[in-house]
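*Asks:* Mind folding the following:
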Amino acid sequence: SSRAPADGGCMLTIYGDSISGNCHKVKFVCDRLGIPYRWIEVDILKGETRTPDFLAMNPAGQVPTVMLDDGRALAQSNAIMLYLAEGSDLIPADAFDRALMNQWLFWEQYSHETAIAVRRYHAHILKKADEEIDPALIGKGERALGVMEGHLAARRYFVGEKLTLADLALVAY
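*Replies:* Presented below is the predicted three-dimensional model:
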């Protein structure tokens, strides 16, 4: 079963910035699984993740962060997705397929997000000119997209024959 409350009365709170693909990943999981949530917009450009209240909830000062009804906070988009999707069809039942899904989740944060999201942030959010942005990000992003395109050339999903957290994580940007 998902982390949605049985009576529908309790609600998860997501602290996120709408410009962040990592925050969108958490929303995607909630929306797909019908988990009710309250969205609290946190503007990273205005330093809202650096306030004493936010840092008390998440000392790393990053979004997304979710607050559970029992007062526990959880951070890091993929950890949040795994928690929310526990027992759902977004996590493969087969141990090897689950490991493959996790492989893509780790890869996404190391090879995909660090190039594509960073480049997007500098170009589209900070409005930097191309010459002000690390030129290595283009090649790294193209390599990451090439890995994804190559993998999907013969299949519809990243793992198995249906949607998993790997697909949701990799579509965020």
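*Asks:* Tell me the spacing between Ile14 and Thr164.
*Replies:* According to Cβ to Cβ, to the nearest Å, Ile14 stands 21 Å off from Thr164. Every residue, glycine included, has its C-beta placed from N, CA and C.
*Asks:* again with Ile80
*Replies:* Using Cβ to Cβ, one gets 15 Å for the distance from Ile80 to Thr164.
*Asks:* now do Arg119
*Replies:* Counting by Cβ to Cβ, the gap from Arg119 to Thr164 is 26 Å.
*Asks:* which of these two has more neighbours?
*Replies:* Thr164 (24 against 21; other Cβ atoms under 10 Å).
*Asks:* Work out the gap between the longest helix anywhere in the chain and the centre of the chain.
*Replies:* As assigned by DSSP state H, the longest helix anywhere in the chain is helix 136-152. The chain centroid and the centroid of helix 136-152 are separated by 18 Å under Cα atoms, centre = their mean, to the nearest Å.
*Asks:* Follow the chain on from it and name the next helix or strand.
*Replies:* For helix 136-152, the following helix or strand on the C-terminal side (DSSP states H and E) is helix 165-171.
*Asks:* In that following helix, which residues are buried?
*Replies:* 165-170 (16 or more other Cβ atoms under 10 Å).
*Asks:* Can you add pLDDT and give those residues back as CSV?
*Replies:* As requested, these are exported to CSV (pLDDT from 0 to 100):
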residue, pLDDT
Leu165, 98
Ala166, 97
Asp167, 97
Leu168, 96
Ala169, 95
Leu170, 94
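*Asks:* from those, which is closest to Gly34?
*Replies:* Within the buried residues of helix 165-171, proximity to Gly34 (Cβ to Cβ) peaks at Leu168, which comes in at 14.6 Å.
*Asks:* need the contact list for the closest one.
*Replies:* 25, 28-29, 32, 81, 90 (Cβ atoms under 8 Å, 6 or more residues apart in numbering).
*Asks:* Redo these as CSV? Include distance to Ser111 and neighbour count.
*Replies:* Putting those into CSV (distance: Cβ to Cβ, whole Å; neighbours: other Cβ atoms under 10 Å) gives the following:
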residue, distance to Ser111, neighbour count
Lys25, 16, 26
Phe28, 20, 19
Val29, 21, 25
Arg32, 24, 17
Met81, 18, 24
Leu90, 22, 23
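*Asks:* Where in this structure is the helix or strand with the lowest mean pLDDT?
*Replies:* helix 118-120 (a mean of 90; mean pLDDT, DSSP states H and E).
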